[in-house]
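Asks: Give me a 3D structure for the following:
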Amino acid sequence: MKIIEGFKLRKIANEYYVLGEGIRQMGFNRVLLLNDAAAYIWQEIDGKDFDAETIAQLLSCKYGFEHDEALGYAQQTVDYWLSVPLIEE
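Replies: Have a look, this model is predicted:
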């Protein structure tokens, strides 16, 4: 998977937002607020191929989650980002 080209993470007043920038996102009429963990994940995977396992490893290393718990959170994140869509397979 990868982040769809044109989506950018911006920090505004200590909060992280994902905004669509460019012609490909003209129909995307949302601004998404990310918590600190989601923003960390975004920063780590931006410009890279990844999967739920990649995100789980990031969560385990940064926040100390057990692997199964991290994988559950990672899969929820992937499912949501695919549904919006912010990422593509």
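Asks: Which other helices and strands does the longest helix seen in the chain contact?
Replies: Secondary structure of the chain per DSSP state H: the longest helix is helix 67-83. If you count contacts as 3 or more CB pairs under 8 Å, 6 or more residues apart in numbering; DSSP states H and E, helix 67-83 packs onto helix 52-63, strand 87-88. Just so you know, the C-beta spots here come from the backbone N, C-alpha and C atoms, and that holds for glycine as well.
Asks: Please tell me how far the residue nearest in space to the middle of the chain sits from Asp79.
Replies: Nearest to the geometric centre of the chain sits Trp42, at 4.2 Å (CA atoms, centre = their mean). Counting by CB to CB, to the nearest Å, the gap from Trp42 to Asp79 is 16 Å.
Asks: Now do the contacts for Gly72.
Replies: By CB atoms under 8 Å, 6 or more residues apart in numbering, the contact list for Gly72 is empty.
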